[in-house]
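A.B. asks: Kindly generate the corresponding structure for this input.
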Amino acid sequence: MFSKARARVLTWNLERKSPTSPLGSEAVDYLFSLSPDVMSLTEARTTFPLRGGHTLWSEPPRGRFADDERKLLIWSKEPWRDIDRVGIDGLDTTRFIAATTDTPIGPVRVVGTCIPWHMCEVTYPIDVKRKPWELHIAYLERLAELLAGVTEPTIAAGDFNQRVPRISYGNRAAAAALTNAFEPFDVVTAGLLDGCERIGIDHIAVSRHLAADKVWGWPNVINGKRMTDHDGAGAVLIRSAN
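C.D. replies: Got it, this is the predicted structure:
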């Protein structure tokens, strides 16, 4: 039934830009020009345009942020159902949201993630002073428990704040935590993507029920304009033969 079907999935960090600002608007236009079925976007705004789709947001972030800022949003061409804003006890709900949507390859669970960067709450603590990589690794440890129980076609996408595979100077403990968290998945955006000149940190991972028919990326500078500080990533997914 789904043998020839394809689903287009995108992920990109929008660096807190308003979608109504000149650069933010161009970034939004670029995303929709790629004809997505599903998107997981980080450092985004609740004013992100629907354009015929359906949008969900994570809980408001802690700290010094505008009222409409969110660490994470997920967008789908079709409506969302079975919405989960908690995940698992101890997981940072400002950086997680999951829901199910219908796609050309059938129903798919989408797990949006914005894994904390290595200096999260180190320089500007919210409650207690953190150590570098502390919240990053703690998030991955909780996420590992959630992803280990996946039994349906699932996409986990967003800002992983790590290059995959680990580069020579990357933190070993953090890399090990990420590998463990995504052991049941295939990070299809690993390595240097077509369209990019560097290995990115925005990724798409899929459960064994799915596979990538095509993977590509795009640079943070488009038409001579710096849209954000991240390169984006896209994948065309099919149902796996497994």
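A.B. asks: which stretches of the protein form helices?
C.D. replies: Secondary structure of the chain (DSSP state H): helices at 22-33, 134-148, 172-181.
A.B. asks: Now do the same contact list for residue 137.
C.D. replies: By Cβ atoms under 8 Å, 6 or more residues apart in numbering, residue 137 lies in contact with 173-174, 177. C-beta: built from backbone N, CA, C; applies to glycine.
A.B. asks: can you pick the most crowded of these?
C.D. replies: In terms of neighbours by other Cβ atoms under 10 Å, the contacts of residue 137 top out with residue 177 at 22 neighbours.
A.B. asks: you'd agree that residue is up against residue 141?
C.D. replies: Yes. Counting by Cβ atoms under 8 Å, residue 141 is a contact partner of residue 177 at 6.3 Å.
A.B. asks: hang on, the earlier thing: any chance of the helices of the chain in CSV, with distance to residue 116 too?
C.D. replies: Below are those laid out as CSV (distance: least, Cβ to Cβ, whole Å):
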stretch, distance to residue 116
helix 22-33, 23
helix 134-148, 4
helix 172-181, 10
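A.B. asks: Out of the ones you listed, which is the most enclosed?
C.D. replies: helix 134-148 (a mean of 19; mean count of other Cβ atoms under 10 Å).
A.B. asks: Spatially central residue in the chain, please.
C.D. replies: Of all residues in the chain, the one closest to the mean position by Cα atoms, centre = their mean is residue 158, 1.0 Å from it.
A.B. asks: and that residue, what are its bridge partners?
C.D. replies: Assessed by DSSP bridges, residue 158 has beta-bridge partners residue 113, residue 203.
A.B. asks: Against residue 101, how distant is it?
C.D. replies: Distance of residue 158 to residue 101, given as Cβ to Cβ, to the nearest Å: 16 Å.
A.B. asks: any idea where the strands of this protein begin and end?
C.D. replies: Counting by DSSP state E, the chain has strands at residues 7-13, 38-45, 54-57, 69-76, 80-84, 96-103, 106-114, 154-159, 185-187, 202-207, 210-218, 221-222, 225-226, 232-239.
A.B. asks: Put together CSV for the ones you listed, with mean pLDDT and distance to residue 132 on each row.
C.D. replies: Shown next, in CSV, are the strands of the chain (pLDDT from 0 to 100; distance: least, Cβ to Cβ, whole Å):
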stretch, mean pLDDT, distance to residue 132
strand 7-13, 98, 20
strand 38-45, 98, 20
strand 54-57, 98, 28
strand 69-76, 98, 19
strand 80-84, 98, 30
strand 96-103, 98, 22
strand 106-114, 98, 18
strand 154-159, 98, 17
strand 185-187, 98, 23
strand 202-207, 98, 21
strand 210-218, 98, 27
strand 221-222, 96, 28
strand 225-226, 96, 27
strand 232-239, 98, 25
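A.B. asks: Columns distance to residue 147 on top of these, output as TSV?
C.D. replies: Output for the strands of the chain, formatted as TSV (distance: least, Cβ to Cβ, whole Å):
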stretch	distance to residue 147
strand 7-13	16
strand 38-45	15
strand 54-57	19
strand 69-76	16
strand 80-84	13
strand 96-103	10
strand 106-114	7
strand 154-159	7
strand 185-187	7
strand 202-207	8
strand 210-218	14
strand 221-222	32
strand 225-226	33
strand 232-239	17
